[in-house]
Structures are given as C-alpha cells and as structure tokens.
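Asks: one predicted model, sequence on top.
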Amino acid sequence: MHGIAVGSRQRIDLETWERRASFELFRNFTEPYHGVCLRVDCTATYRYAKEHRLSVFLSLLHRSLVAAHEVEHFRTRLVDGTVWRYDTIHGGSAVGRENGTIGFGHYPFRQGLEDFVREGTVELERVRGRDDMERYPDANLIRFSVLPWFDFTSISHAREFTREDSAPRITFGKITDANGRCTMPVSIHVHHALVDGLHVAQFVERFEEAMGAPDAVFP
C-alpha cells in the first residue's frame with residue numbers, strides 16, 4: 001500500500017450543520033446503511049477502456065470517484081464520533097487471486113483516468129502477489145467490489161457492526177452489451193447519518209456524466 005495520503009479535511013460543526021437532526025437520529029442505528037441497486041449506461045467508458053487497453057474495472061472506479069468528489073456528502077465521514085469533510089477520497093476494492101482468495105487493493109485518486117488506471121494496475125498486481133489482507137487505516141475511502149458474473153438486482157454486504165465505519169460501498173455487476181449500448185447493475189450503500197437518497201441521486205447523475213466523457217477532467 002503506497003502513495004495514499006489522508007490530505008486535508010474540515011471538521012463539521014454539528015451545532016450549525018443542517019443535517020444535525022438526521023445525524024443524531026441515524027448515527028446509532030444498529031444498521032445505519034441504506035442502499036439502492038440500479039442499471040447505468042457505461043458505454044463510453046467501457047469502449048474507451050477497451051480501445052486504450054485499460055482495465056475496465058479501474059476505469060469505471062475512477063469515474064465513480066470523479067462523481068464522488070462532486071457530491072460533498074460522499075466525502076463526509078464519521079471518525080471517532082466527529083464528522084469530517086475530506087477534500088480527497090480514494091478507492092479501495094477486493095482483488096481476486098489465482099488461488100480463489102481475495103486481498104484488498106488501494107488506489108490513490110488522480111484526476112486523469114489513464115494516470116489513475118496505470119497506477120491502479122500496478123497495485124492490482126502487487127496485491128495478487130501477496131497472501132494477506134491489508135486494510136486501509138483511514139476513512140477517506142470508498143469501498144468497491146465487482147461481481148462480473150452477475151446481472152444482479154439486489155445485494156448485501158458483510159459488516160462488522162461494532163466497528164465505526166461510514167465509507168460508501170459501491171459494487172459493479174456484469175456488463176451487458178445490447179442494441180449498441182453497454183449497461184451494468186450498480187449497487188450503492190451509504191451511511192444514513194451522512195447521506196440521504198437525494199445525495200445518492202446526485203451522485204448517480206454525476207457518475208453517468210463522468211462515464212459519458214471518459215477522457216474529460218472534471219474540476
């Protein structure tokens with residue numbers, strides 16, 4: 001695990017935060033996560049990755065991180081009972097190995113897709129060559145998974161309820177090519193004390209915009 005820094009973050013004043021009531025309601029729920037599954041059009045990014053011989057998964061992951069940076073609630077985390085808004089969010093994912101086990105890969109965010117995928121590919125190979133499960137120690141992460149075998153319509157995640165965790169979980173499913181368009185199921189699970197359905201909708205809108213312009217660098 002190399003090159004990932006926490007970077008700058010701002011502490012949110014709960015006394016003046018507009019989400020204070022929602023935060024106080026949901027923060028101590030036994031299961032504070034809520035989620036949706038939906039189908040998205042990934043045609044442009046899929047074809048861009050294939051044409052440039054890039055990892056499709058890492059390309060999609062990058063466009064998801066681009067979207068997350070444009071929705072501040074996806075950059076907000078609960079750490080030791082305090083709410084923080086991070087300037088930069090990185091990616092992490094399960095990585096399959098030849099022996100059927102998995103490890104965890106961690107990918108520093110880069111604005112350019114090809115730079116991100118190039119570095120991420122090195123990380124994938126590094127993790128595949130290990131036999132442990134490294135955990136990223138900080139909160140400024142989105143946890144990704146990919147289930148390329150399934151055109152799923154619902155999904156659940158393993159969770160350790162005694163451990164404080166507020167990172168979003170995003171899963172990509174099987175890509176289907178039909179009538180000239182590529183689509184895939186995506187699941188998005190978020191901590192309700194920090195993120196509402198409206199913010200998930202904003203994220204999805206920006207994710208689709210980013211996938212439609214894979215070579216664009218968004219501010």
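Replies: Yes, it's here.
Asks: what about Leu14, neighbour count?
Replies: Counted with other Cβ atoms under 10 Å, the neighbours of Leu14 add up to 13. Glycine gets a C-beta too; all of them are placed from N, C-alpha and C.
Asks: how close does it sit to Pro185?
Replies: 36 Å (Cβ to Cβ, to the nearest Å).
Asks: repeat for Asp165
Replies: On the measure of Cβ to Cβ, Asp165 and Pro185 end up 24 Å apart.
Asks: name the residue in these two with the higher neighbour count.
Replies: It is Pro185, of Asp165 and Pro185, that has more neighbours when counted by other Cβ under 10 Å, with 21 against 16.
Asks: tell me the phi and psi of the residue nearest to that one when sequence neighbours are not counted?
Replies: Sequence neighbours aside, Gly173 is the residue nearest to Pro185 in space, at 3.8 Å (criterion: Cβ to Cβ, 6 or more residues apart in numbering). The phi/psi pair for Gly173 (degrees, to the nearest 10) reads phi -110, psi -160.
Asks: tell me which residues touch Gly173, please.
Replies: 146-148, 150-152, 184-187 (Cβ atoms under 8 Å, 6 or more residues apart in numbering).
Asks: tell me the secondary structure for Glu15?
Replies: coil (DSSP: H, G, I helix; E, B strand; the rest coil).
Asks: can you show me the helices along this structure?
Replies: 20-26, 43-51, 56-70, 113-128, 197-212 (DSSP state H).
Asks: partner strands of the top strand by length along the chain and their direction?
Replies: Counting residues, the longest strand found in the chain (DSSP state E) is strand 181-191. In the sheet, strand 181-191 lines up against strand 33-41 (antiparallel), strand 169-172 (antiparallel), strand 176-178 (antiparallel) (DSSP bridges).
Asks: any idea of the pLDDT on Phe218?
Replies: On pLDDT, Phe218 comes in at 73.
Asks: where does pLDDT dip in this structure?
Replies: Along the chain, segments meeting pLDDT under 70 span 1-7, 219.
Asks: can you rerun that using 80?
Replies: Counting by pLDDT under 80, the chain has low-confidence residues at 1-7, 161-162, 218-219.
Asks: what residue is smack in the middle of it?
Replies: Ile142 (3.8 Å; Cα atoms, centre = their mean).
Asks: got a list of what it touches?
Replies: Ile142 touches 64-65, 68, 74, 89-92, 167-170, counting by Cβ under 8 Å, 6+ apart.
Asks: export these to CSV and tack on neighbour count and distance to Ala158?
Replies: Converted to CSV, those look like this (neighbours: other Cβ atoms under 10 Å; distance: Cβ to Cβ, whole Å):
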residue, neighbour count, distance to Ala158
Ser64, 25, 21
Leu65, 24, 23
Ala68, 23, 22
Phe74, 27, 21
Ile89, 20, 22
His90, 22, 21
Gly91, 25, 19
Gly92, 22, 15
Ala167, 21, 14
Pro168, 26, 16
Arg169, 19, 10
Ile170, 27, 15
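Asks: that concludes my questions; thank you for your assistance.
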